[in-house]
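J.: build the 3D model from these lines:
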Amino acid sequence: MPAKWLSKEQSEKVLENGFYGRMATSVDDRPYITPVNYAYHQGKIFIHCNVRGRKLDNIAKNPQVCFEVSETHKLVKDKKPCGFGVRFSSVLVFGRARLVEELDQKMEATMVIVKKYAGDFICDPIPQKQLKSIAIIEITIDELTGKQNVDPQDL
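T.: Here you go, the predicted model:
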């Protein structure tokens, strides 16, 4: 399995382009991982979620999180089982999560997430009343690493 480490810029590109990520929290030595919609913006990760839930309970007790994004490039087939493999890119982030409380920051983060998924489709701003009924998690990145499983000639 030939692996190549990604630069910070390459890792950020994987974060920007990933469709969804997985956020892991941990409380009382019990890890918990959740697939999430997110956006990477200005060096931070923003996640949209419900105002209640286990991940928010966990973050309130322990803000240390791990976030993962991966993308599959191709399946490599071989007559020998050990020759099978997947060519992929993946990024791991270790950081601190917090709940965004300020309504203007919450609106900005929400629109960044919407733009990521909606592209050029124009959406109306979210009314403040509705904005209060959603949660936005902000992850400040402490450590960022990325790698690719590549074909041997691409090392």
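
J.: helix, strand or coil: sort out the residue of the chain positioned farthest from its centre for me.
T.: Residue farthest from the centre of the chain, counting by Cα atoms, centre = their mean, is residue 79 at 35.1 Å. Look at residue 79: counting by DSSP: H, G, I helix; E, B strand; the rest coil, its state is coil.

J.: give the buried residues for the longest helix anywhere in the chain.
T.: Counting by DSSP state H, the longest helix found in the chain is helix 103-118. For helix 103-118, a neighbour-count test (16 or more other Cβ atoms under 10 Å) marks 106-114, 116 as buried. Glycine gets a C-beta too; all of them are placed from N, C-alpha and C.

J.: repeat that for stretch 5-15.
T.: For stretch 5-15, by 16+ other Cβ under 10 Å, it's 6, 10-15.

J.: do the same with stretch 31-46
T.: For stretch 31-46, by 16+ other Cβ under 10 Å, it's 36, 38-41, 45-46.

J.: now swap in stretch 69-83 and tell me
T.: For stretch 69-83, the neighbour count (16+ other Cβ under 10 Å) marks 69-70 as buried.

J.: for that stretch, what is the average pLDDT?
T.: What stretch 69-83 shows for mean pLDDT is 79.

J.: quick one: contacts of it?
T.: 14-15, 17-22, 84-91, 151 (Cβ atoms under 8 Å, 6 or more residues apart in numbering).

J.: ok, now stretch 26-40?
T.: 12, 15-16, 18, 20-25, 45-49, 54-55, 57-58, 61-62, 64, 67, 109, 112-113, 115-117.

J.: repeat that for 6 Å
T.: 15-16, 20-25, 45-48, 54-55, 58, 61-62, 112-113, 116 (Cβ atoms under 6 Å, 6 or more residues apart in numbering).

J.: quick one: end-to-end distance for that stretch.
T.: Start-to-end span of stretch 26-40 (Cα to Cα, to the nearest Å) is 22 Å.

J.: if we can go back for a sec, going by distance to residue 142, which of the buried residues of stretch 31-46 wins?
T.: Proximity to residue 142 was ranked across the buried residues of stretch 31-46 by Cβ to Cβ; first place goes to residue 45, at 11.8 Å.

J.: ok, and the closest non-adjacent residue to the closest one?
T.: Excluding its sequence neighbours, the residue lying closest to residue 45 (Cβ to Cβ, 6 or more residues apart in numbering) is residue 139, at 4.0 Å.
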